[in-house]
Every structure is written in structure tokens, then in C-alpha cells.
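[1] Structure of the sequence below:
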Amino acid sequence: MSTKKKMFLSAAGAAGSEVLGPESVFSTRLYTGNGGTQSIVNDIDLTEGGLVWTKRRDSSSNGGNTLYDTVRGTGSGGRLRSNDNQQAYSPSDAVTAFNNNGFSLGADASINGNGYEMVSWTFRKAPRFFDIVTYTGNGVAGRTISHNLESLVGMLMIKCISHSSDWSVQHRMILSNKYLALNEDTEQQTDTARFHSTAAGNSTFSVGSGNAVNGSGRTYVAYLFAHNNSGNPGEYGPDGDQDIIKCGSYTTSGSGTHTETLGWEPQFLMRKRYSGGSYGHQRNWEVFDTARGWYSNNDYSLEWNTEDEERSVGNQYNRTATGFTVHETGANVPYIYMAIRKPILTPEDATKVFNVQEYTGNGTDGRVITSGFQTDMAILKRHNDGSRDWHLVDKLRGGKGALQRFVPNDTTETGDPSNKVQEIDIPDGIEVGNDGDVNASPGKYIAYQWKQTGGYFDILRYAGTGSNRTISHNLQVVPEMMWIKAESSGGYDWMVYHNGIPSSTTAMQKLNEAGVGINRAALLNSIAPTATQINLGTDNLTNQNGVDYMAYLFATAPGVSKVGSYTGNGSARNIDCGFGNTARFVLIKNTQRGRAWNLIDTARGYGSGDDKVNYLSAQTQTLDLDYFDTYSSGFRITTSSDHVNANGENYIFYAIA
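    Numbering: from 1, shown residues only. From the prediction side, this is the model:
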């Protein structure tokens with residue numbers, strides 16, 4: 001059977017019934033230990049086989065890296081640690097089950113200590129991504145062992161599970177007579193007895209005669225990570241032609257910088273200095289991921305070879321739409337890395353990528369506003385107070401008490417005080433303080449939260465150049481709406497591209513104003529965005545030299561979201577969004593008059609003649625209007641008001657199921 005057909009077999013074996021993306025085979029999931037039992041739901045089907053790797057984040061106490069896999073199971077000998085050379089062992093109450101949507105935990109302190117802040121990285125077995133092999137050593141040099149990765153091996157980790165012995169790591173970018181020890185911060189070592197001076201192949205890998213990899217009668221486990229490239233394509237995504245994992249190397253410049261092109265934006269990066277330099281963090285196996293905090297101004301590192309708690313390492317790596325940039329890590333330094341792509345599949349369930357919640361403030365610092373997923377962007381408002389701004393935070397511009405806040409109804413950007421939106425890097429939602437804008441008792445608040453994924457929503461950060469240019473994105477489809485905002489220069493309007501605006505390649509609306517927008521060719525160089533790039537002109541509002549910008553990209557995901565437009569008819573009408581239910585969120589703007597951005601949602605309520613309407617472009621508190629009604633596949637307009645339905649006038653909208 002071909003690799004491609006095997007990729008699309010479901011658990012039941014029905015060909016063509018499963019489409020895989022990185023979100024199907026890899027997950028970084030944060031959780032808080034409870035000292036009892038709990039199930040970690042990360043939507044990874046571990047009944048297909050896989051590896052669960054956990055680490056405590058907030059302390060070095062019980063801070064070891066623990067590894068459990070489905071091949072060795074949860075019983076005796078189930079646990080390994082990447083930060084030591086011990087043989088496998090297993091408490092009876094650590095990982096207790098591998099499920100079709102994650103895994104279950106017992107009360108063991110190293111994996112589920114009460115109050116511990118934890119992270120789990122889960123790798124599902126899948127061709128061209130990850131495989132697990134166990135074997136018994138025979139002491140014969142040059143032995144070959146079969147695997148099912150069906151592609152070039154990017155990185156191979158071997159551990160003797162029956163005896164104490166260092167981990168042996170082969171990486172495709174270091175010489176085959178060299179190895180690295182996963183449990184050490186040492187540089188590469190020469191040892192022909194490890195991998196028999198032979199690089200791993202597409203179906204086998206070779207081992208020498210040494211006890212670390214092939215001692216007679218000893219037992220071993222091997223973890224194999226793929227490398228996707230043009231010669232070894234990943235075969236992921238809807239068309240089975242997408243790469244999702246790369247294992248490469250780079251050397252920083254004389255100024256300590258580097259730009260690495262992957263062809264896509266990563267959500268996970270492991271890197272290690274493999275030659276030269278002093279011992280310590282620079283030669284540790286450092287891990288960065290978007291769940292814990294991989295921002296444009298600060299990165300948070302954990303180490304696979306130590307028990308150390310999570311630490312801030314400043315601005316070492318910036319994610320880009322096509323890879324990552326490196327700076328301030330030393331001149332002429334060689335590194336190996338493994339990178340995994342961010343989610344690319346178009347969602348089918350709106351509740352997994354969007355949440356709307358109304359809540360009453362309680363004045364409690366550190367309150368969590370849940371979403372049901374790890375949030376990438378959130379917009380909040382005290383909706384019963386006309387003196388309060390809207391707040392927008394996202395996962396690219398900082399976290400852990402240093403969030404940068406946009407104000408959609410204004411042109412300003414500011415760091416959030418510690419008592420406003422405090423964290424966005426938590427397992428389920430956002431964390432707020434006790435400030436009156438977000439959580440004062442007895443204020444009434446509304447929170448909207450988005451998850452970033454293909455075909456639905458994407459976030460970009462770029463530096464302006466002042467010249468006509470294109471910028472890559474990872475939306476996977478053509479953006480139908482874009483919000484662009486200068487983040488490092490005050491006083492610049494929010495610019496909104498929407499394909500429903502007449503002359504949309506030159507005309508843009510302002511999110512922060514109830515106006516008719518502007519029409520300038522230099523905004524987007526008069527070119528519509530494509531499925532891979534957005535176009536920018538020379539206008540200061542979108543591309544001034546030396547100014548940093550954020551771009552939020554939205555698309556129609558069938559049954560989940562709808563970016564659309566209509567011509568007003570001055571009478572009641574249905575807007576069919578193709579949903580299976582009434583829209584939970586609707587944003588509408590008249591593009592021909594100075595009218596506000598009308599925003600409704602089902603959390604506050606609409607449809608009974610007492611619609612709760614806010615203006616995203618103003619501080620205005622909730623208005624009780626009679627504009628809308630519910631509709632089984634979208635929303636219904638019941639008014640002739642020129643805000644939403646004047647006869648013959650153009651309206652743009654964005655709705656979520």
C-alpha cells in the first residue's frame with residue numbers, strides 16, 4: 001500500500017476518511033496537576049500509538065522530563081526520563097491510559113502533583129512524522145533495525161530501557177560517526193559503535209555493538225522523528241501535499257543572527273548547540289512552543305536534559321510565516337533543531353475555535369475566562385459602561401504579565417497593567433485581573449476568544465519597509481477580511497480590508513471609526529491577497545519603514561465562519577451563512593455611511609425585539625435595539641435602519657456559528 005493511502009486510513013480502516021494535519025499528530029497541552037486523577041484532552045488519538053512527554057514548568061522540584069509511550073505501555077518499565085540515564089521504571093499512578101483524544105493521569109507527583117503547572121508534548125505515530133521501535137540487543141555491529149516512518153529520518157533517539165545508560169541521538173545534520181547525549185549538555189561526540197557510522201534510512205536504521213544501543217540481551221526503545229522536504233514530502237493537509245516537521249541546522253552570523261526558512265510557521269522548536277562553547281543553557285536541549293509563550297518580545301524555554309523550571313530567555317527567536325529568525329544567541333554558533341508546523345486544517349466545529357462568554361465581574365485577581373481551547377486572540381469589553389474601551393490581546397505580542405494591548409475603538413497600543421488582561425498562555429482561555437475594564441464587581445463583561453488555525457483565522461507580525469512588497473501568511477486560503485494595525489507608532493488607524501467592499505484593493509474601512517473609510521492605492525498596492533501572501537504598498541497605515549504591524553486574517557470556514565456582504569433592501573431579510581445554527585457572533589458595517597461597527601452575540605442575546613448591540617468602533621455601552629432575529633443557518637435582519645439595512649447600500653459582515 002502506498003504511503004499516501006496509508007496516511008488517510010482511519011482507525012476503522014476506511015480509506016479516505018481521515019485527513020491529517022499537525023494538529024492530528026502533535027499537541028502541546030498545558031495543565032495544572034490536581035494530585036488525584038484527571039484526563040488530558042488534546043484531540044490526539046493515542047489508540048493509533050504515540051509518545052507522551054511531560055515536564056513541570058513552575059519549579060525544579062519533581063521537575064524531570066517524563067516519557068511514556070504506547071509501545072511499552074503504562075505498566076512496569078513505562079517511564080523514562082530524558083534528563084538522566086536511568087533504566088525505565090514506572091509508578092503505578094502516573095500515565096494510566098492512552099485514549100482516543102489524549103491520555104489519563106494518576107496522582108504521581110512528577111506528572112500530576114497538586115497545583116503543579118505542567119506541559120505535555122504528545123507525538124502520535126504516523127508515517128512521515130513519528131515512529132516508535134523496541135528491540136533486544138544482539139551485540140552485532142552494523143545491525144539494521146526496521147521502522148515504519150516511511151521517510152527520511154530527521155532525528156533518532158535511542159535509550160536502553162533495561163539498564164542505566166546515556167541516551168544516544170543521531171541527527172541528520174551531524175556526521176554519522178557522531179552522536180549527542182539527550183541527557184547531557186555536552187557537544188557532539190565521536191563513537192563509531194553508536195550508529196555504525198551510518199545515517200538512518202527510509203526504512204531502517206543501523207546500530208553498532210555498544211551497550212548504549214545494542215548490548216547483547218539488553219532491551220531498547222527508539223523514537224524516530226521525520227524530516228519533510230521536497231524529496232520526502234509530508235503528505236499532510238487536505239490535499240496530502242503539506243510538510244509539517246523539519247530537522248535542520250544553522251550557524252548564526254558574526255552578529256549572532258540568522259533567518260531560517262521552513263516554508264511554514266512553526267508552533268514548536270527544539271534546538272541545541274552541538275559544537276563548541278561552554279556548558280550550560282546554550283548547549284542544553286532547549287524547547288520553545290506557542291502554548292507556553294513564544295512571543296515577539298520574549299521567549300520561554302524548558303530543557304529536555306534538566307529538571308530546571310521554565311525561564312525567560314528574552315527575545316532569542318521570532319516566528320515568521322515561513323520559519324523563524326534568530327538573534328542574540330552568540331556569533332558563529334552552530335545549532336541543530338527540530339520544528340513542527342502550527343495547525344493547518346480548516347475547523348469543522350466552531351466551538352473548538354471560537355468562544356463568546358458574558359460574565360459578571362467579581363473583583364478577583366487572576367480570574368480565568370474559559371474558552372474550551374488555548375486562546376490565540378481575545379477581545380473584551382465592559383459592555384454596560386459607556387466609558388470603557390475595548391481590549392484586544394494576542395499570543396504574538398507578549399504574555400506572563402507583559403501583554404501588549406490594542407484598543408479596537410482607538411488608535412493606541414499599550415502594555416497592560418498587571419490588573420487587566422494578565423495571561424493568554426494558559427490551558428483554557430485568558431486570565432484577567434481586577435481592573436474595572438475587565439473584572440470589577442458588579443460590572444457586566446463580554447469576552448470573545450479565537451483559536452488560530454488554517455482556513456479560519458491567522459495572525460501575522462511584520463516590520464514595515466516603506467516599499468511595495470508581499471508578505472507570506474499561513475491562512476491556507478485567500479483572506480477575505482484583514483485587520484491591520486501599527487503596533488509601534490501611536491495615532492495610526494486600524495485598517496480593514498474586506499472583499500465585500502467595492503474597489504476592495506484600494507478602499508479600506510477603519511475599525512476604530514464610524515466613518516466611510518479611505519481609498520488609497522498605496523494601502524495594498526492595489527492588489528488583492530492570495531492564498532499564500534498579502535500585498536502591501538507604501539502607505540504609512542500599512543507599511544511605514546521602521547514601524548511594526550500586526551495583521552489579523554479571517555476567512556470563511558464552511559459551517560464555522562462566514563465573511564460576507566449584502567446590499568440592503570430596507571425590509572426584513574435572512575442572511576444565510578451556511579451554518580447549522582443561528583450565528584453566535586455577528587459584526588456588520590455600512591461601507592457607504594458614517595455608521596458604527598454593529599456587534600451582536602448570543603451570549604448577551606438577540607432576536608426577541610430587545611437586541612443587545614455594541615459598537616466595536618466606540619466605547620458605547622450595550623444598546624437595546626430591535627434590529628435582528630435568530631435564523632437557523634445565520635441571522636435575520638428585521639429593520640430598515642441604515643446601520644444595517646438601508647435600501648441599496650453596501651454592507652460587509654463577519655459571522656461565526
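
[2] C-alpha only now, for contacts and for neighbours.
    Will do.

[3] This structure: helices as residue ranges?
    Along the chain, counting by DSSP state H, helices occupy 3-7, 22-25, 109-112, 192-195, 211-214, 540-543.

[4] Output the below-cut-off pLDDT ranges for the protein.
    Low-confidence segments of the chain (pLDDT under 70): 1-17, 278-280, 399-402, 489-490.

[5] at 50 instead, please
    Residues of the chain meeting the criterion pLDDT under 50: 1-16.

[6] ok so, going back, what would the helices of the chain look like in JSON lines with distance to residue 444 and mean neighbour count?
    As requested, the helices of the chain are exported to JSON lines (distance: least, Cα to Cα, whole Å; neighbours: other Cα atoms under 10 Å):
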{"stretch": "helix 3-7", "distance to residue 444": "48", "mean neighbour count": "15"}
{"stretch": "helix 22-25", "distance to residue 444": "35", "mean neighbour count": "21"}
{"stretch": "helix 109-112", "distance to residue 444": "35", "mean neighbour count": "25"}
{"stretch": "helix 192-195", "distance to residue 444": "63", "mean neighbour count": "24"}
{"stretch": "helix 211-214", "distance to residue 444": "62", "mean neighbour count": "26"}
{"stretch": "helix 540-543", "distance to residue 444": "34", "mean neighbour count": "23"}
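
[7] Now tabulate those in CSV and tack on distance to residue 625.
    Shown next, in CSV, are those (distance: least, Cα to Cα, whole Å):
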stretch, distance to residue 625
helix 3-7, 52
helix 22-25, 41
helix 109-112, 50
helix 192-195, 72
helix 211-214, 72
helix 540-543, 34
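
[8] residues in contact with residue 130?
    Neighbouring residues of residue 130 by Cα atoms under 8 Å, 6 or more residues apart in numbering: 50, 123, 124, 149, 223, 224, 225, 226.

[9] let's see 10 Å
    Residues near residue 130 by Cα atoms under 10 Å, 6 or more residues apart in numbering: 25-26, 49-51, 123-124, 148-151, 153-156, 223-227, 245.

[10] Next: residue 548.
    461, 462, 463, 464, 465, 485, 486, 487, 488, 489, 542.

[11] Restricted to strands, list the residues you listed.
    Filtering those for membership in strands, criterion DSSP state E, returns 461, 462, 463, 485, 486.

[12] what's the domain layout of this protein?
    As given by automatic domain parsing, the domain ranges for the chain are 21-124, 130-226, 245-341, 350-450, 457-548, 561-656.

[13] gap between residue 107 and residue 35?
    Going from residue 107 to residue 35 by Cα to Cα, to the nearest Å gives 5 Å.

[14] And these two? Which one has more around it.
    Between residue 107 and residue 35, counted using other Cα atoms under 10 Å, residue 107 has the larger neighbour count: 21 against 18.

[15] OK, contacts around the more buried one?
    By Cα under 10 Å, 6+ apart, the residues touching residue 107 are 33-38, 91-96, 113-114.

[16] separation between it and residue 91?
    For residue 107 relative to residue 91 (Cα to Cα), the value is 10 Å.

[17] right, and the helices of the chain - which one's nearest residue 424?
    Residue 424 lies closest, by Cα to Cα, to one member of the helices of the chain: helix 22-25, at 19.7 Å.

[18] Distance from the chain centre to that closest one, please.
    For helix 22-25, the separation from the chain centroid amounts to 11 Å (computed by Cα atoms, centre = their mean, to the nearest Å).

[19] same thing with stretch 60-79?
    Distance of stretch 60-79 from its chain centroid, counting by Cα atoms, centre = their mean, is 25 Å.

[20] Can you give me the buried ones in that stretch?
    For stretch 60-79, a neighbour-count test (16 or more other Cα atoms under 10 Å) marks 62-70, 72-75, 77-79 as buried.

[21] Narrow the residues you listed to those in strands?
    The members of the buried residues of stretch 60-79 that map onto strands under DSSP E are 66, 67, 68, 69.

[22] need the contact list for the third one.
    Residues in contact with residue 68, defined by Cα under 10 Å, 6+ apart, are 50-54, 74-75, 77-81, 88, 90, 94-96, 98, 122.

[23] Show me what it is bridged to.
    Residue 68 has the following beta-bridge partners by DSSP bridges: residue 52.

[24] returning to that earlier point: out of the helices of the chain, which comes closest to residue 249?
    Of those, nearest to residue 249 by Cα to Cα is helix 192-195, at 19.8 Å.

[25] just checking, what packs against that closest one?
    With contacts taken as 3 or more Cα pairs under 10 Å, 6 or more residues apart in numbering; DSSP states H and E, helix 192-195 sits against strand 168-171, strand 178-179, strand 204-207, helix 211-214.
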